[in-house]
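*Asks:* Have a look; sequence and predicted model below, questions after that.
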Amino acid sequence: MPTEPSIHAQKPRPSDNGNYMDRFAEIRGQSEALAAGLSAEDQQVQSMPDVSPTKWHLAHVTWFFETFILKPHAPGYSEFDPDFNYLFNSYYEAVGPRHARPDRGLLTRPALDRVLAYRAHVDAAISEFVAAEDLTDEVAALLELGLHHEQQHQELILMDIKHVLSCNPLAPAYRRKEPAGVRDTHTLDWFDVPGGTYRIGHHAADADGDGPDSAEDGESAFAFDNEGPAHEALVGDFSIASRAVTNAEYREFIEDAGYARAEFWHADGWAVVREQNWTAPLYWQENADGSWDEFTFAGMCPIYPDAPVGHVSFYEAAAYAAWAGKRLPTEAEWEIAARRFGCANDSGSDANRLESGFLRPMPAGAARADRPSQMMGDVWEWTQSAYAPYPGFAAAAGAVGEYNGKFMVNQMVLRGASCATPPGHARVSYRNFFYPHQRWAFSGFRLADSVTA
Ligand SMILES: [Fe+2]
């Protein structure tokens, strides 16, 4: 998710302006709530080039509304500060030059208070604009996009601040809350899928003609452009694991010298292991007695053995799969399985996302006979698919066309959702993507096999 959405696949428009403003207030408030427990100093730090300061995120998502909606569409809108276009443009070449991404932590000015004033200024202007205007389809689509964009950055805020805090030798907690009890998981099982041609990708809501977003459709109204067009995918017989790979299972790989045995690794991955001296997932720390702790939002805590392993790179996921004699699913296999077994609208205990409050992957619990667990929560799941355009994909014209299409090279796709994915932002067709060496996202994996029972 280091990139952005596009309006290309935008379907809905707000059913009415009042409803839209409720969602706007809720989502804008969610961003500020995520930052509320952080000091101005916390929100300033950029701990590595991939990380952006919380303050920058809060400003950038605001710049998005100002740049794509207020400035071109709101009559008489008064720009908050012309310098902000340079500071808070992320990567839109069409919008002009911008501050270098690795140097965002150097932006000690504007201060956090001024960024919050910027948010209030834009919030008031959006509110006034929406109340006064009969929104065009184009503007309605941009507003919807702005909300999903902000939600995308909410997970980035959490990914990034976790890394920032992990760099402090005191291992400070983002919050102290830990779950009262942690359940077990189940013995790994497999779900078989017969080979054939299946339809994948986001399709227009209301495919069955009984209204959008119905349970039968199983399809969200909104999607980013990279999730379409829907198309046919041919797969062979395969089976997919009943849950994500756990910390305990991953620890067996470590104890079997997985990080020291080149035979399990891609050449590029092995080079990174050697160069970075990787011996365990990001945030893991071995204790003198051989047990492991991991850095969490509650500070350093013992690993939950039965919870999905997280903060692993694609290289690590693929190496583990090779060690286990299995493989990662393709993204088509993942989506076919999720749709076939009814995981598209996964909810309740199988959907550990931001709203569960755990902010940490949790064990799957008892096996379900009808479907795999954890498909739409806990950890984003690496697939073996390269991030490439679907057949027929075309980026939109203009700045919004930069959101996804230009990143479709050298990255790998992750599917599902994580314990930090905000409400309303998980979809069965969602294509997350990162470079194969990156592991600061909430990234884990499940196994697949070409042999079925
Ligand atoms: Fe963005």
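*Replies:* Structure received. Fair warning: this is a prediction, and the values are worked out from it, not measured in the lab.

*Asks:* just checking, A426 is part of a helix?
*Replies:* No. With DSSP: H, G, I helix; E, B strand; the rest coil as the criterion, A426 is assigned coil and is not in a helix.

*Asks:* check which helix or strand covers the closest residue to L106 other than its chain neighbours.
*Replies:* Distances taken as C-beta to C-beta, 6 or more residues apart in numbering put Q46 closest to L106, at 7.9 Å, once the chain neighbours are dropped. Every C-beta, even on glycine, is put in place using the N, C-alpha and C of the backbone. Counting by DSSP states H and E, no helix or strand carries Q46.

*Asks:* For burial, what's the neighbour tally of Q46?
*Replies:* 22 (other C-beta atoms under 10 Å).

*Asks:* Equivalent analysis for D192, please.
*Replies:* D192 has 13 neighbouring residues, counting by other C-beta under 10 Å.

*Asks:* quick one, what contacts it?
*Replies:* Neighbouring residues of D192 by C-beta atoms under 8 Å, 6 or more residues apart in numbering: 237-239, 452-453.

*Asks:* now do Y283
*Replies:* 162, 166, 294-296, 311.

*Asks:* returning to that earlier point: would you mind measuring from the residue nearest to L106 to A35?
*Replies:* Noted for Q46: a distance of 15 Å to A35, by C-beta to C-beta, to the nearest Å.

*Asks:* is the lengthiest helix in the chain up against the ion anywhere?
*Replies:* When the chain is parsed with DSSP state H, its longest helix is helix 137-166. No. For helix 137-166, no contact with the ion is found by C-beta under 5 Å from the ion; the gap never falls below 5.7 Å.

*Asks:* Which other helices and strands does that helix contact?
*Replies:* Secondary-structure packing of helix 137-166 (3 or more C-beta pairs under 8 Å, 6 or more residues apart in numbering; DSSP states H and E): helix 17-35, helix 54-65, strand 292-296.

*Asks:* Okay, and the beta partners of Y198?
*Replies:* Bridge pairing for Y198 (DSSP bridges) gives the partners A233.

*Asks:* was I right about it contacting H231?
*Replies:* No. Here Y198 lies out of contact with H231, judged by C-beta atoms under 8 Å, at a distance of 9.9 Å.

*Asks:* more neighbours, these two?
*Replies:* Using other C-beta under 10 Å, the more surrounded residue of Y198 and H231 is Y198, with 19 against 15.

*Asks:* Tell me the spacing between that one and A141.
*Replies:* To A141, Y198 is 29 Å away according to C-beta to C-beta.

*Asks:* and what of V115?
*Replies:* From V115 to A141 the distance is 27 Å (C-beta to C-beta).

*Asks:* which of those two has more neighbours?
*Replies:* More neighbours surround V115 than the other of V115 and A141, with 26 against 22 (other C-beta under 10 Å).

*Asks:* wait, the more buried one sits on K55?
*Replies:* Yes. Between V115 and K55 there is a contact under C-beta under 8 Å: 5.4 Å.

*Asks:* Now G357: closest residue in space, sequence neighbours ignored.
*Replies:* Among residues not flanking G357 along the chain, K177 sits closest, at 7.3 Å (C-beta to C-beta, 6+ apart).

*Asks:* pLDDT at that neighbour, what is it?
*Replies:* What the model reports as pLDDT for K177 is 73.

*Asks:* got it, and the one 3 residues further on?
*Replies:* Here, the pLDDT recorded for A180 equals 74.

*Asks:* secondary structure class for the residue nearest to P179 when sequence neighbours are not counted?
*Replies:* Distances taken as C-beta to C-beta, 6+ apart place F358 nearest to P179, at 5.8 Å, with adjacent residues excluded. The three-state label given to F358 by three-state DSSP is coil.

*Asks:* next one: phi and psi at F358?
*Replies:* Main-chain dihedrals, F358, degrees, to the nearest 10: phi -70, psi -40.

*Asks:* where along the stretch 101-250 of the chain do the strands fall?
*Replies:* With DSSP state E, counting those that start in this stretch applied, the stretch 101-250 of the chain shows strands at 190-193, 196-200, 231-235, 238-241, listed in chain order.

*Asks:* Pick the most deeply packed of these.
*Replies:* Of all the strands of the stretch 101-250 of the chain, strand 238-241 carries the top mean neighbour count, a mean of 22, counting by mean count of other C-beta atoms under 10 Å.

*Asks:* Show me what that one is packed up against.
*Replies:* If contacts are counted by 3+ C-beta pairs under 8 Å, 6+ apart, strand 238-241 sits against strand 190-193, helix 331-340, strand 448-449.

*Asks:* try it again with 6 Å
*Replies:* strand 190-193, strand 448-449 (3 or more C-beta pairs under 6 Å, 6 or more residues apart in numbering; DSSP states H and E).

*Asks:* Any chance you could give me the longest one in CSV, C-alpha atoms only?
*Replies:* The C-alpha coordinates for strand 190-193 follow below in CSV (Å, rounded to 0.1, in the frame of the first residue of the first chain):
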residue,chain,number,x,y,z
TRP,A,190,-6.5,-28.0,3.5
PHE,A,191,-9.3,-26.9,1.3
ASP,A,192,-9.3,-28.3,-2.2
VAL,A,193,-10.4,-26.4,-5.3
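
*Asks:* That one pairs with which strands, and in what direction?
*Replies:* In the sheet containing strand 190-193, its partner strands are strand 238-241 (antiparallel), by DSSP bridges.

*Asks:* average pLDDT across the strand it pairs with?
*Replies:* Computed over strand 238-241, the average pLDDT equals 98.

*Asks:* got it, and stretch 118-131?
*Replies:* Stretch 118-131 shows a mean pLDDT of 96.

*Asks:* Over to stretch 394-412?
*Replies:* 86.

*Asks:* go on, stretch 327-346?
*Replies:* Mean pLDDT, stretch 327-346: 92.

*Asks:* Kindly report the same for stretch 19-27.
*Replies:* For stretch 19-27, mean pLDDT is 92.

*Asks:* For it, list every residue counted as buried.
*Replies:* Across stretch 19-27, burial judged by 16 or more other C-beta atoms under 10 Å covers 20-21, 24, 27.

*Asks:* And the residue nearest to D123 when sequence neighbours are not counted, how close does it get to the ion?
*Replies:* Excluding the flanking residues, the one nearest D123 by C-beta to C-beta, 6+ apart is R28, at 6.0 Å. From R28 across to the ion, the span is 15 Å (C-beta to the ion, to the nearest Å).

*Asks:* And T279, by the same measure?
*Replies:* 34 Å.

*Asks:* name the element that residue belongs to?
*Replies:* Per DSSP H and E, T279 falls between elements, in no helix or strand.
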